[in-house]
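> how does the following fold in three dimensions:
(chains A and B)
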Amino acid sequence: MHVFELGFVAAVLLAATPILYAALAGALSAQAGVFNIALEGQMLWGAFAAVAGSYYTGSAWGGLLTAVLSTALFSVILAVGAARWKADPIIIAIGTNLLAIGLTGFLLRVLFGVSGSFSPRELQGLPKMTFLTDVPVIGPIFSGQTVLVPFAFVVIAAAGIWLKVSPAGLRLRGVGEHPDAAASLGVEVARYQTWVTIVGGALCGIAGAQLALGNVTVFTENMTAGRGWIAVAAVMLVGGRPLWLPVACLGFGAAEALGFRLQGIGAPQQLTDAAPYAITLLVLIATRIRLPRRRTAAAVTTSAPTPAA
Amino acid sequence: MTSTSGNDADAAGLDGPAASAVPAVELIGIGKRFGAVVANADVDLVLRRGTVHAVMGENGAGKSTLMSMLFGLLEPDSGEIRIDGRPVRFAGPLDAIAAGLGMVHQHFRLFDTMTVAENVVYGAEPRRPGFFGRGVVDRAAAAARVRELSERYGLESDPDAVVGSLSAGARQRVEILKALHRDARILILDEPTAVLTPNEVTSLFAVIRRAAEGGATVVLVTHKIHEVLSVSDEVTVLRDGRVTGRFATAEATAASLVHAMTGRAIDEVRNPRTGTPGATVLEVSGLTVGDSGAGSGSGSRTSPGGGGVAAVSDVSFEVRAGEIVGIAGVSGNGQHELVAAVLGTLPARSGRVRILGDDVAGRSVRDRRALGLAVIPEDRRGEGSAVTMSVAENVTLGHHRTPPIGSASGVGRGWMSIRAERARARELIRDYDVRTSGELQPIGALSGGNAQKVVIARELSHRAPLVIAEQPTQGVDVGAIESIHGRLLEHRADGGALLLVSHEISELLALADRILVMYAGRIVAEFPADEATTARIGAAMAGAAEAASEPDPEDPES
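Numbers count the residues shown, from 1 in each chain, chains lettered A, B, ... in the order given. Alright, predicted model coming up:
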């Protein structure tokens, strides 16, 4: 079996896409100064909501819409808790992640009376771009994919440019870098952080929908299997800069796809399953060594004037 | 100096009758309390248009509180604020900005990863159409705006430079540009010279004068007398939250200002020479230290040249018992790295450091301190103290293993006596005249001068033979400076050795027996106390080769 062929490229893209959306959510939050590690839980909720939505509406697009809206709603916990009420985002995110596992497992039993996985015959997956089948090069890569795959790159490019050129993007970056300075210039820090986190929720909804209705057509308990954490790693790797996310995420996608291929040629499954995570770890270590620390001055914040004693 | 003697008719001629009749800002009977502490009481302050008005006072005199109320950060308990004669109430700084005020805080509020232009226009961006009709930041217009303001006020700055790479002076200019971009007519500068080099101070003052001549009203909050005398038109002095003096600067003298600030006359600290120095306590030879990478403790840039250039190169000197050796230099010329290498927080690339004869290469900070080294660090809040911990705990830090607080052996080993800690803290608070509500108050709640007294008490009270003091009086008020200088001289009189790093030439002249000047990581000049002058040291600090005297490692006295 050949490892490097167009089919492999397709497999890489397929594996990378859910991570791309989740990582974009994380990167936008990072730009606004919210360290979002709820990506795993939000993606899992998005996957469940997509399957449930598709099942009840009978349409995969209904599933996607359900996933986007309900995950945005799900992310309000983090958005309001961390940005508005100033709770620790790490603790809320941990709670969110645990809640997503429990809640999806619970609803799986209550709504569908099954445990483990749910894939009724009538469950609609997102349509593939089969109209591309006969196009050379593009066809073998994209014809088996959903439209969400190329769309991920469009959204990331748009987000990256928006951050750079728009007034709101400029303000968002300032909010993340030095909230006191932003506030002193009339920018409402909490408002930016709240909205960016909710938008991130919507993106995690897309990630979940692609995972459960695009990559496969099934919901399995804990089916995100650490992809949200890989997205967190990707965000840290690129320092929250969206335009670099494809590089990081495609790397992880390649590791996952390579794992499948190696399984095909007889490597033990446990080893190949571990490949993306092992690569994540190695890459994170490597970048820590290589990159100079680039936040010292930014860490120095000023406090409100205190009454002099 | 322009005419300032309170002659309203003069001002009327300049600004027209309406402008002269109505001052730009009037604070009338302002009062503010924090719990039982009276921060301001019945303060009247009148700022006339087109003047530079200095608000003076020691740390804790209520200057910052007063300015915070003017800028809308705090609400006064009583009194009235009028802008152009109209009473105003500010719900927040945005209201103040809208009313034409701008404030340059002592701690800059800048986005380090963004450019100068982005920082200046942030929150009030010029726009042009683009990005699917959503509008984009007009970068060209932003840069043009920065250039226009720079030119008009003489604020040299490059719109495209990334702020994080700029010197403290350039960053301050960005702060001023931010206020000007928002059309500030009344500019409040809070302790603006604390982070500047002498040259930067000179150009800042030129900017201030230019702004005032252009019709702006500038408030200069400071405790430095020579600044007030050199740049302001009028002075209001605060002490304990009340106005204790109002002067036209032309009629004020240093003595009258000090008297109003402190309520008494301050004796200039004289340097009473005490015999010849004794044995060598610190010996540094051929010391070279790599760039620390993370920047110096002051947060300013690392050594000129940066990159792989050594922060300290081939530095040799010694400090003897009963001697104060001063290190002069513009911040970021390797002084901080030199101290770090002696303390052991930065590795030496080559060369030798001996403390009381012991080569300390490879020894930990703890070992070096045990040999008899004490350090008063430049970064009081970051390195010198743990801000959320109490005064008592801060006094203990580093001495928690030794009696009376800790115990080196026996059952007490590993435990601390809280009772002994508190007793010791109370004793030091009394001895060093620390103004605090008690030894359990967090040190972060103390004023800068009082927090520094705690650090100095901790470092000096153990009678270490070698003390290194970095900028011991930076940001500290006049009264506390006097007391700190007294303590350092006492340390010398008791036979201690002191290495004093300071950016204030006057401080070095007042204290040091010998002054070494560092430039670009090297010692470029050495002056015995009686040959040192501000001009000679200043020239060497600026790197003027011809000013460098023959470096003489031997004791110049004897």
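
> check whether stretch A:141-156 comes near chain B.
No: figure legend: stretch A:141-156 not in contact with chain B (Cβ under 8 Å from any Cβ of the partner chain); closest approach 12.5 Å. (Glycine included, C-beta is placed from N, CA and C.)

> now the end-to-end length of that stretch.
Distance between the two ends of stretch A:141-156: 20 Å, counting by Cα to Cα, to the nearest Å.

> how about that stretch: buried residues?
With burial defined by 16 or more other Cβ atoms under 10 Å in any protein chain shown, the residues of stretch A:141-156 counted as buried are A:I141, A:F142, A:S143, A:G144, A:Q145, A:T146, A:L148, A:V149, A:P150, A:A152, A:V155, A:I156.

> okay, how far is it across stretch A:79-96, tip to tip?
For stretch A:79-96, the first-to-last residue distance is 11 Å (Cα to Cα).

> stretch A:24-38 too?
The first and final residues of stretch A:24-38 sit 13 Å from each other (Cα to Cα).

> run the chain-centre distance for it.
10 Å (Cα atoms, centre = their mean, to the nearest Å).

> and if you look at stretch B:80-95?
30 Å.

> can I get that stretch as PDB, trimmed to CA atoms?
C-alpha atoms of stretch B:80-95 as PDB (Å, rounded to 0.1, in the frame of the first residue of the first chain):
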ATOM      1  CA  GLU B  80     -16.500  70.300  42.500                       C
ATOM      2  CA  ILE B  81     -14.600  69.900  39.300                       C
ATOM      3  CA  ARG B  82     -15.000  72.600  36.600                       C
ATOM      4  CA  ILE B  83     -13.700  72.300  33.100                       C
ATOM      5  CA  ASP B  84     -13.700  75.700  31.200                       C
ATOM      6  CA  GLY B  85     -15.900  77.000  34.000                       C
ATOM      7  CA  ARG B  86     -18.600  74.400  33.700                       C
ATOM      8  CA  PRO B  87     -19.100  71.900  36.500                       C
ATOM      9  CA  VAL B  88     -18.600  68.300  35.400                       C
ATOM     10  CA  ARG B  89     -19.100  64.900  36.800                       C
ATOM     11  CA  PHE B  90     -17.000  62.100  35.300                       C
ATOM     12  CA  ALA B  91     -18.400  58.600  35.500                       C
ATOM     13  CA  GLY B  92     -15.200  57.200  34.200                       C
ATOM     14  CA  PRO B  93     -12.000  58.100  32.300                       C
ATOM     15  CA  LEU B  94     -13.900  58.100  29.000                       C
ATOM     16  CA  ASP B  95     -16.000  61.100  30.200                       C
END
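
> hmm, who's touching it?
A:184, A:186, B:22-30, B:69-73, B:75, B:96, B:99-101, B:103, B:186 (Cβ atoms under 8 Å, 6 or more residues apart in numbering or on different chains).

> buried subset of the residues you listed?
Buried by 16+ other Cβ under 10 Å: A:184, A:186, B:22-27, B:30, B:69-73, B:96, B:99-101, B:103, B:186, out of the contacts of stretch B:80-95.

> now the helices for chain A?
Using DSSP state H, the helices of chain A run over A:6-31, A:39-57, A:60-74, A:76-78, A:89-112, A:138-142, A:148-165, A:167-177, A:179-184, A:189-209, A:227-237, A:245-264, A:269-290.

> so which other helices or strands are in contact with the third one?
So the one you mean is helix A:60-74. helix A:39-57, helix A:189-209 (3 or more Cβ pairs under 8 Å, 6 or more residues apart in numbering or on different chains; DSSP states H and E).

> neighbours around the nearest residue to B:G164 once chain neighbours are set aside, how many?
Nearest residue to B:G164, sequence neighbours excluded (Cβ to Cβ, 6 or more residues apart in numbering or on different chains): B:D112, at 3.3 Å. By other Cβ atoms under 10 Å in any protein chain shown, the residues close to B:D112 number 22.

> surely B:D112 forms part of a helix?
No: B:D112 is assigned coil when assessed by DSSP: H, G, I helix; E, B strand; the rest coil, not a helix.

> hang on, isn't it packed against B:A161?
No: B:D112 is beyond contact range of B:A161, at 11.5 Å (criterion: Cβ atoms under 8 Å).

> after the lowest-mean-pLDDT helix or strand in chain B, next one along is what?
Every helix and strand of chain B was ranked by mean pLDDT, DSSP states H and E. The lowest is helix B:8-21, at a mean of 43. Of the helices and strands lying after helix B:8-21 in sequence (DSSP states H and E), the nearest is strand B:25-34.

> for the stretch 451-558 of chain B, give me the ranges with low pLDDT.
When residues are selected by pLDDT under 70, those of the stretch 451-558 of chain B lie in B:542-558.

> in it, which residue sits nearest chain A?
B:A451 (9.9 Å; Cβ to the nearest Cβ).

> next up, the contacts around that residue.
B:R380, B:R381, B:G384, B:S385, B:I443, B:G444.

> of those, buried ones?
Applying 16+ other Cβ under 10 Å to the contacts of B:A451 flags B:R380, B:G384, B:S385, B:I443, B:G444 as buried.

> now these in CSV, with secondary structure?
Converted to CSV, those look like this (three-state DSSP):
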residue, secondary structure
B:R380, helix
B:G384, helix
B:S385, coil
B:I443, helix
B:G444, helix
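
> many thanks, have a good one.
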